[in-house]
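Asks: Sequence and predicted model, in that order:
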Amino acid sequence: MELAWVLGTPLFGAIVLAVFGARRSAAELNVVISLATLIAAAALVLRIIGQGSMTVAHEQFFVDPFNVFLIALTALIGFTTAVFSRPYMRIEQDHGRLNAHRLRLYHSMYQLFMAAMLVALSTNNMGLLWVAMEAATLSTVLLVSLYRTRASIEAAWKYFILCGVGIALALFGTILLYFAAERLLGGEGMRALLWTHLNAVKGQLDPTVIGLAFVFLLVGYGTKVGLAPLHNWLPDAHAEGPTPVSAVLSGLLLNVAMYAVVRCKILAVGAMHSALPGRMLMAFGLFSTVLAAFLLWRQRDIKRLFGYSSIEHMGIITFAFGMGGPLANFAALLHMTVHSLTKSAIFFAAGHASQIAGTQRIDGIRGLLTVSPTVGWGLMLGSLAILGTPPFGVFTSEYMVLITAMRDHPWATPLLLVALAVAFAAIFFKVQPMVFGETDAQRLPHPPALVPVFVHLSIVLMLGLYIPPALAQWYRLAASLIG
């Protein structure tokens, strides 16, 4: 019942907002629907904590401690982003960048995107997982092109083509997965694609076919994670779409695609009895981290800057999942949490900073502390948090990844340290004058919604100082399920 509310609420909201999304009250309705989804997700969490994993709808949906924490995180960031978008999108409308009809498209596609993400996280069917990821791609293409400028349409097409190719590769990998499962579970028809059934017999699956399937699934879903060299769509989509879309792309979509990769890795490792799938993740992750860190220096757009930062951090998460083991998996799950919260907070602050300055160019944004201290402090603290400055939670998770690498893969540690140092210098060098420089910019016509910024950063700070025992146990259980 709880899962039905989690999935049904945003889907119903998308339909309602497709009809009423052009009204002035649509922003408030978007917030209410997102809050209802969050409440339903909280009820689902309590259900899983109290009664354990569950399957529903003839096993088509499956919820365990691994995906339920991502469902809760998705619902939380979906709600706070809806709160932020209420004044942000009205300012965009006042500036003439949006009209009522485009706002209707934004509100309805936002809820459809949320529904697709939640279906992808909760489905037990690898085929339905692919369908949900494709639905998320189509809905966000419309959101990225919302401004209808030349640059936004180009970014949306690049996003659609690159992710379309990636999702096609993932489809071929899913077909290969079914081909391997059909020999063992052929009598079950399409139920042979149920992840719980595949996981139960993974040791008997053909390792050659599963290995080939994993390559296609990793490259396909890895495109949506933003792993290099498949990352080119991500900075453009972040830069040209509305800021709330940038926040959910970094905070939600990348996590869901990473979740799909990890589910596939579990099957591949079990079938192949080999460390090769983990090594592939480590290679993609390390390459993404190092490349993105150096590309940060070349960025002149504030949203592209933090888009490349997302590639760097998803590389760290991928590397950690590739190492495997209880500590590395724990660190990866923690890093998924703190990165999502921190990066969405940064985009909230960066969005309002761009509105104050009238530009997204880094050299055109100056003196935020003077014109809007809350925006300035939000951007500064968010940047320090994402750079792994203690005592924020990003430092804790990165430290755990580093000590695991030093113990198990010492050759990778210098590369990680160099990448982290380069990224720290690049972002701090660019953010400092934006916050502390001189400016003659004007204040915003509507008060910025910065409560979500400081709520997110407070949670990240808490996770750096103290992880509640219940949450730590949750991470440990999810890490053990990953293997």
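Replies: The structure has been received and is ready for your questions. Numbers count the residues shown, from 1 in each chain.
Asks: Confirm residue 58 sits in a strand?
Replies: No - read with DSSP: H, G, I helix; E, B strand; the rest coil, residue 58 is coil and lies in no strand.
Asks: Give me the distance between the closest residue to residue 11 other than its chain neighbours and residue 317.
Replies: If the residues on either side of it in the chain are set aside, residue 11 comes closest to residue 115, at 4.3 Å by CB to CB, 6 or more residues apart in numbering. Just so you know, the C-beta spots here come from the backbone N, C-alpha and C atoms, and that holds for glycine as well. From residue 115 across to residue 317, the span is 24 Å (CB to CB, to the nearest Å).
Asks: ok, now residue 339?
Replies: Residue 339 sits 7 Å away from residue 317, going by CB to CB.
Asks: what does stretch 138-145 contact?
Replies: With contact meaning CB atoms under 8 Å, 6 or more residues apart in numbering, stretch 138-145 is reached by 105-106, 109-110, 112-113, 116, 152-153, 155-156, 159-160, 237, 240-242, 245, 249, 253.
Asks: In PyMOL, select just the buried ones from these.
Replies: To isolate the buried subset of the contacts of stretch 138-145 in PyMOL, counting by 16 or more other CB atoms under 10 Å, use the following:
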select buried, resi 105+106+109+110+112+113+116+152+155+156+159+160+237+240+241+242+245+249+253
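Asks: Would you mind listing where the stretch 351-483 of the chain has pLDDT under the threshold?
Replies: 439-446 (pLDDT under 70).
Asks: Same question for the chain.
Replies: Applying pLDDT under 70 to the chain flags residues 186-190, 439-446.
Asks: Strands of that one, start to end?
Replies: In the chain, the segments counted as strands under DSSP state E are 54-56, 61-63.
Asks: Single out the most deeply packed of those.
Replies: Most buried of the strands of the chain by mean neighbour count (mean count of other CB atoms under 10 Å) is strand 61-63; its value is a mean of 22.
Asks: Which neighbouring elements make contact with that strand?
Replies: strand 54-56, helix 100-122 (3 or more CB pairs under 8 Å, 6 or more residues apart in numbering; DSSP states H and E).
Asks: Give me the contact list for that strand.
Replies: By CB under 8 Å, 6+ apart, strand 61-63 touches 3, 44, 48, 53-56, 71, 122-124, 194-196.
Asks: sorry, back to before: how about the strands of the chain in a markdown table, adding distance to residue 205?
Replies: A markdown table is the format used below for the strands of the chain (distance: least, CB to CB, whole Å):
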| stretch | distance to residue 205 |
| --- | --- |
| strand 54-56 | 21 |
| strand 61-63 | 19 |
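Asks: For residue 424, list the residues it contacts.
Replies: Counted by CB under 8 Å, 6+ apart, residue 424 has contacts 387-388.
Asks: Repeat that for the one 5 residues further on.
Replies: When contacts are counted by CB under 8 Å, 6+ apart, residue 429 touches no other residue.
Asks: gap between it and residue 299?
Replies: Separation of residue 429 from residue 299 (CB to CB): 11 Å.
Asks: longest single helix anywhere in the protein?
Replies: helix 150-185 (DSSP state H).
Asks: Can you spell out which helices and strands pack onto that one?
Replies: helix 126-144, helix 195-200, helix 207-225, helix 233-240, helix 254-272.
Asks: Could I get the CA-only coordinates of the first one as PDB?
Replies: Coordinates of each C-alpha in helix 126-144 appear next as PDB, following Å, rounded to 0.1, in the frame of the first residue of the first chain:
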ATOM      1  CA  MET A 126      15.000  -5.400 -15.300                       C
ATOM      2  CA  GLY A 127      12.900  -4.700 -18.400                       C
ATOM      3  CA  LEU A 128      10.700  -2.200 -16.500                       C
ATOM      4  CA  LEU A 129      13.800  -0.600 -15.100                       C
ATOM      5  CA  TRP A 130      14.900   0.100 -18.600                       C
ATOM      6  CA  VAL A 131      11.500   1.500 -19.500                       C
ATOM      7  CA  ALA A 132      11.600   3.800 -16.400                       C
ATOM      8  CA  MET A 133      15.000   5.100 -17.300                       C
ATOM      9  CA  GLU A 134      13.900   5.800 -20.800                       C
ATOM     10  CA  ALA A 135      10.800   7.700 -19.500                       C
ATOM     11  CA  ALA A 136      13.100   9.700 -17.200                       C
ATOM     12  CA  THR A 137      15.200  10.600 -20.300                       C
ATOM     13  CA  LEU A 138      12.200  11.800 -22.300                       C
ATOM     14  CA  SER A 139      10.800  13.900 -19.500                       C
ATOM     15  CA  THR A 140      14.100  15.600 -18.700                       C
ATOM     16  CA  VAL A 141      14.700  16.300 -22.400                       C
ATOM     17  CA  LEU A 142      11.600  18.500 -22.300                       C
ATOM     18  CA  LEU A 143      12.800  20.100 -19.100                       C
ATOM     19  CA  VAL A 144      16.300  20.900 -20.400                       C
END
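Asks: got the angle for it vs helix 233-240?
Replies: In terms of direction (axes from the mean of the first three to the mean of the last three CA atoms, to 10 degrees), helix 126-144 departs from helix 233-240 by 40 degrees.
Asks: Pull the distance from helix 126-144 to the chain's centre.
Replies: 14 Å (CA atoms, centre = their mean, to the nearest Å).
Asks: now swap in the fourth one and tell me
Replies: With CA atoms, centre = their mean as the basis, the distance from the averaged C-alpha position of helix 233-240 to the chain average is 14 Å.
Asks: Which strands and helices lie in contact with that helix?
Replies: Secondary-structure packing of helix 233-240 (3+ CB pairs under 8 Å, 6+ apart): helix 126-144, helix 150-185, helix 243-248, helix 302-323.
Asks: could these go into a markdown table alongside distance to residue 350?
Replies: What follows is the helices and strands packed on helix 233-240, written out as a markdown table (distance: least, CB to CB, whole Å):
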| stretch | distance to residue 350 |
| --- | --- |
| helix 126-144 | 16 |
| helix 150-185 | 17 |
| helix 243-248 | 7 |
| helix 302-323 | 5 |
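Asks: of all the ones you listed, which lies closest to residue 257?
Replies: Nearest to residue 257, of all those, is helix 126-144, at 7.0 Å by CB to CB.
Asks: any idea of the angle that closest one forms with helix 150-185?
Replies: Per the same axes, to 10 degrees, the angle that helix 126-144 makes with helix 150-185 is 180 degrees.
Asks: Which of the residues in helix 126-144 are classified as buried?
Replies: Neighbour counts using 16+ other CB under 10 Å place 126-144 of helix 126-144 among the buried residues.
Asks: Likewise for stretch 45-58?
Replies: Residues of stretch 45-58 classed as buried by neighbour count (16+ other CB under 10 Å): 45, 47-48.
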